[in-house]
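Q: Below are the sequence and a predicted model; questions follow.
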Amino acid sequence: MSSATSSPPSIRERLNDSWLWYSFKRDPVAQLSLLVFIFMVAAAFLAPWISPADPYDLAQIDIMASELPPFWVDGSEPDYLLGTDSQGRDMLSTILYGTRVSLIIGFGAVALQAALGVCFGLLAGYKGGKIDAFLMRLADIQLSFSTLMVAIIVGALFKAVFGGVTYNTYAVPLLVLIIGLAEWPQYARTVRASVLAERGKEYVDAARVMGLSSVRIMFRHILPNTLSPIFVISTVQVANAIISEAALSFLGLGMPETQPSLGSLIKSGFDYLQSGSWWITLVPGLVLVILVLVINLLGDWLRDVLNPRLYKG
Amino acid sequence: MIAFLIKRLFHALLVMFVISLIAFAIQDNLGDPVQQLVGQSVPESERDALRDELGLNDPFITQYLRFAGNALHFDFGYSYVFNQPTTEVILRHLPATLELVAATTVLIILLSVPIGVYSAIKPRAWLSRFFMGVSIIGISIPVFLTAIVLIQLFAIGVSWTPFPTDTGWGQWLNDLVSTNGGMPAYGRGDPVHVLGTWYTNFASIKGLSYLILPAVSLASIMLPLFIRLIRAEMLEVLQSDYIKFARAKGLSPQRIYFLHALKNTMLPVITVGGVQIGTLVAYTILTETVFQWPGVGLMFLNAIERSDIPLIVTYLVIVGLIFTITNTLVDLIYGLVNPTVKLTGKPA
C-alpha cells in the first residue's frame, strides 16, 4: 500500500526485518517450544468444546470406570484415552480443564505482579530518594524470604481468615492475588534498573523542560524504552507463577479438587500412587513439566536475543 | 565498616519488628484464647470477665508490648493441638528438618562444584551441554513432582518389559530398565536418640536409607541453580587478567583452575547460597509433605490445616529470625569481601 518511499514501514515489514524474527527462524528449539506452547494453550482454552467429557458435571462421571489406565497399558478402555482417576473422571478432560485453570492463574498473576512491579519500579527509579530506598528495601526483604515462602504464608493467612469454604469458592482470584503480591519485586527491580539507565538521557530532560507531568514522562516516555527486559522476565515469571500455583495446590492451599488445576490433580493422584495407579498423578505432572519447560526454553531464547550486550557485541 | 555494621543491624531489628507486628496482628485477629479455654456452655458475662483477667481488652499497644516481651523470652503460649509450649513443639520437630537440610547441603556441594567447574572449563564439551540441558529441565520440574517420581521408581518400583522376555539378553535389558523399589519413602524410621529432643538418622545405615529420597529430591531443585551460578562465576573469573597472567607464567592448568580460579568463584557462590536459605525452607515444606518427614515444614502445614494459630505464629517468627540472621551475616560477609558487588536475588 505504501506509495511514497518515505512512509514508515508497516508492522509486517518491520517484523520481517527484525532481529527477533531472524533469530527465531534459525532456532529450532524456540520454534518447537512455541509450537508446543501454542498447541497447549489452544487445547486448554478450547477444553469445553474438544474434551471428551465435562469433569465438573457429576452426571457424566461413572464410578464403575474408576482407576482405568491410559491407552498404552493393558486393561485400558478406548473411551478413556489417558485413563480415569479414582472417581471415574476422564483424565484427558480433567487435564485439559486443569491446564486452563493453571494458565489463567499463571497469566493473571503475572499481569498483576507486572502492574504492581512496573508502577513501583518506575516510581523508585524516577523519583529516587526516600521512595526508592523504601520500595527497594521492601523488595529486598520480600525476596530474601523467597517468593514461594511468601506465597505459602500469605495463602495460609488467607485460608485462616476466610475459612476453607470461602477460600475454595474464590480460589482463582485469591491465588492470582497471592502469587502477584509475592512476586512483584522481580519486576520492580528490573524496571528500576532500566529507568536509572534512561533517566539521564536527553529525551527525558526534553520532556521535563516541556513541562510534562512526571506521570506522563514515566509511562509514555520511559516505559516504552524499558519494555524488552520486561518482556524477557515475563516469560520466566509465567513459568514461575504456574509452578507456584501447583506448589500451593499441592500443599492444599490452592485450587480445590472440585475445580482442579494441574497442581491439585497431582495432589489428588498422589494418594493413589501406592495402590499402583501412577497415571493419576504422573500424567498431569508430565503435562505440567512440559508446559513449564517450553515456557522456560522460550524465555531463555528471548533473553539471548533481546540481551543488548549480546546483540551488539 | 562500623557504620555499615550498625546500619545492617538496625535494618535487621527493623525487619524483626515488622515480622513481630505481623505475627501479633495474626495472633490478635485470628486466635481467640477464650474460645479455646472454655466450653460452649460458659455464659458471655464469664467470658468477658476472663477476657479482662487475661488482658484481652487492653489497648493495642499494651497487648503488643506484652506479646513482644514474651516473644523475647521465646514464650509464644501453648499450641492448641499439642497442648504444649509452641517453642517446645518446634524444638522437637527441628532436628528432623536440620538433618534433611544438612544431607541436602552435602549433596549440593559434592555435585554442584565439580559439575559447575567442569562445564566452565570445557563449555563446548558434549558433557557440559548435557549438564546444562539437564539443569533447565531440572528447573522446570517442581520439587514435589521429583519426589513423586523418585517414590514411584525407588520405593514402589517399575517393571518395564519393552524387550522380548524369551531371550537372555532381552531379559537382561528388561532388568536394566526396571527398578526394584523397596526404598523407604515414608517418615524417618527409627532414628537413634542423641541428646534432648535430638534423634538422628545419621547413626545407622537404615536411618540413612530413610534420608536418601527426601534429600535427593530437595537437592534436585537447588542443584541446577548452583551449577549455573558456579559455571557463570567461573567463566567470568577465567576471563580475568590474573588468570591470563598465571597461564602466561606457565602454571599447570590444575593449579590455575582449582587453586586460583576456584577461590574467587566460591566467594560469591557461598554468599548467594546464603540468600537461598529462604527458598530452601519453602522447599522443605513441600518435600516433607510428600515424604511425611516429621520436620517443622510438615508441622507448619498441619498447623495451618488445624488452625493452630499460636504454632503458626511461632513458626513465622522463628523462620523470620533465621532468615534475618542469615541475610545480615551474608550482607556483612559480602561487604567485607567485595564492597563493589551489588547483591541480587535470584528467582526461586
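A: All right, it came through fine.
Q: How about the contacts made by the most centrally placed residue in chain B?
A: The centre of chain B sits closest to residue B:280, judged by C-alpha atoms, centre = their mean, with a distance of 2.6 Å. Counting by C-beta atoms under 8 Å, 6 or more residues apart in numbering or on different chains, residue B:280 touches B:101, B:104, B:218, B:222. (Each C-beta comes from the backbone N, C-alpha and C, glycine too.)
Q: gap between stretch B:89-108 and the chain center?
A: 8 Å (C-alpha atoms, centre = their mean, to the nearest Å).
Q: Phi first, then psi, for the closest residue to residue B:91 other than its chain neighbours.
A: Distance criterion C-beta to C-beta, 6 or more residues apart in numbering or on different chains; nearest residue to residue B:91, sequence neighbours excluded, is residue B:197 at 5.4 Å. For residue B:197, the backbone dihedrals (degrees, to the nearest 10) come out as phi -90, psi 10.
Q: lowest-pLDDT helix or strand in chain A?
A: The helix or strand of chain A with the poorest confidence is helix A:308-312; it has a mean of 43 (mean pLDDT, DSSP states H and E).
Q: Give me every residue in the stretch 151-300 of chain A lying close to chain B.
A: A:152-153, A:156-157, A:159-161, A:185-186, A:189, A:236-237, A:239-240, A:243-244, A:246-247, A:250-253, A:266, A:270, A:273-274, A:276, A:278, A:281-282, A:285, A:288-289, A:292-293, A:296-297, A:300 (C-beta under 8 Å from any C-beta of the partner chain).
Q: Now intersect those residues with the helices, please.
A: A:152-153, A:156-157, A:159-161, A:185-186, A:189, A:236-237, A:239-240, A:243-244, A:246-247, A:250, A:266, A:270, A:281-282, A:285, A:288-289, A:292-293, A:296-297, A:300 (DSSP state H).
Q: Just the buried residues of the residues you listed.
A: Using 16 or more other C-beta atoms under 10 Å in any protein chain shown as the burial test, these include A:152-153, A:156-157, A:159-160, A:185-186, A:189, A:236-237, A:239-240, A:243-244, A:246-247, A:250, A:266, A:270, A:281-282, A:285, A:288-289, A:292-293, A:296-297, A:300 as buried.
Q: Now look at stretch A:132-149 and say if it contacts chain B.
A: Yes: judged by C-beta under 8 Å from any C-beta, stretch A:132-149 and chain B are in contact via A:137, A:140, A:141, A:143, A:144, A:145, A:146, A:147, A:148, A:149.
Q: So the first one belongs to a strand, correct?
A: No: Residue A:137 is assigned helix when assessed by DSSP: H, G, I helix; E, B strand; the rest coil, not a strand.
Q: which stretches of the chain have low pLDDT?
A: Going with chain A. A:1-6, A:58, A:63-65, A:307-313 (pLDDT under 70).
Q: try again with chain B
A: For chain B, the stretches flagged by pLDDT under 70 are B:1, B:30-40, B:161-162, B:335, B:337-348.
Q: So in it, which helix runs the longest?
A: helix B:86-121.
Q: Quick one: residues contacting the residue lying closest to residue A:94 once chain neighbours are set aside.
A: Distance criterion C-beta to C-beta, 6+ apart; nearest residue to residue A:94, sequence neighbours excluded, is residue A:55 at 4.5 Å. Going by C-beta under 8 Å, 6+ apart, residue A:55 touches A:61, A:89, A:90, A:93, A:94, A:97, A:260.
Q: sorry, back to before: inside helices: which ones of the residues of stretch A:132-149 next to chain B?
A: Short answer: these in helices (DSSP H) are A:137, A:140, A:141, A:143, A:144, A:147, A:148, A:149.
Q: Which ChimeraX command selects the buried ones in these?
A: Of those, the buried ones go into a single ChimeraX selection, burial set by 16+ other C-beta under 10 Å:
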select /A:140,141,143,144,147,148,149
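Q: about what we covered before: sort out which residues of the longest helix of chain B are buried, please.
A: Neighbour-count burial for helix B:86-121 [16+ other C-beta under 10 Å]: B:86-87, B:89-97, B:99-101, B:103-105, B:107-108, B:112-113, B:115-121.
Q: From the contact counts, what lies against it?
A: helix B:126-140, strand B:198-200, helix B:205-238, helix B:262-275, helix B:277-291, helix B:296-305, helix B:309-337 (3 or more C-beta pairs under 8 Å, 6 or more residues apart in numbering or on different chains; DSSP states H and E).
Q: which residues touch the shortest one?
A: By that I understand strand B:198-200. Contacts for strand B:198-200 (C-beta under 8 Å, 6+ apart): B:95, B:96, B:99, B:188, B:191, B:192, B:193, B:194, B:207.
Q: could these go into TSV alongside distance to residue A:126?
A: What follows is the contacts of strand B:198-200, written out as TSV (distance: C-beta to C-beta, whole Å):
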residue	distance to residue A:126
B:95	50
B:96	49
B:99	49
B:188	54
B:191	56
B:192	60
B:193	60
B:194	57
B:207	57
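Q: Now do the phi/psi pair for residue B:193.
A: Per degrees, to the nearest 10, the backbone of residue B:193 is at phi -70, psi 130.
Q: Break down the stretch 51-200 of chain A into its helices, ranges please.
A: A:91-127, A:129-144, A:147-162, A:164-169, A:171-199 (DSSP state H, counting those that start in this stretch).
Q: Return the shortest one as PDB; C-alpha atoms alone will do.
A: To tie it back to what came earlier, the one meant is helix A:164-169. Once non-C-alpha atoms are left out, helix A:164-169 reads as follows in PDB (Å, rounded to 0.1, in the frame of the first residue of the first chain):
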ATOM      1  CA  GLY A 164     -11.900 -23.200  53.800                       C
ATOM      2  CA  VAL A 165     -15.200 -22.900  52.000                       C
ATOM      3  CA  THR A 166     -14.900 -19.200  51.000                       C
ATOM      4  CA  TYR A 167     -11.300 -19.800  50.100                       C
ATOM      5  CA  ASN A 168     -12.200 -22.600  47.700                       C
ATOM      6  CA  THR A 169     -15.100 -20.600  46.100                       C
END
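Q: List the buried residues for it?
A: Buried residues in helix A:164-169, counted by 16+ other C-beta under 10 Å: A:167, A:168.
Q: before we move on, what about the last one?
A: Across helix A:171-199, burial judged by 16+ other C-beta under 10 Å covers A:171-172, A:174-192, A:194-195, A:198-199.
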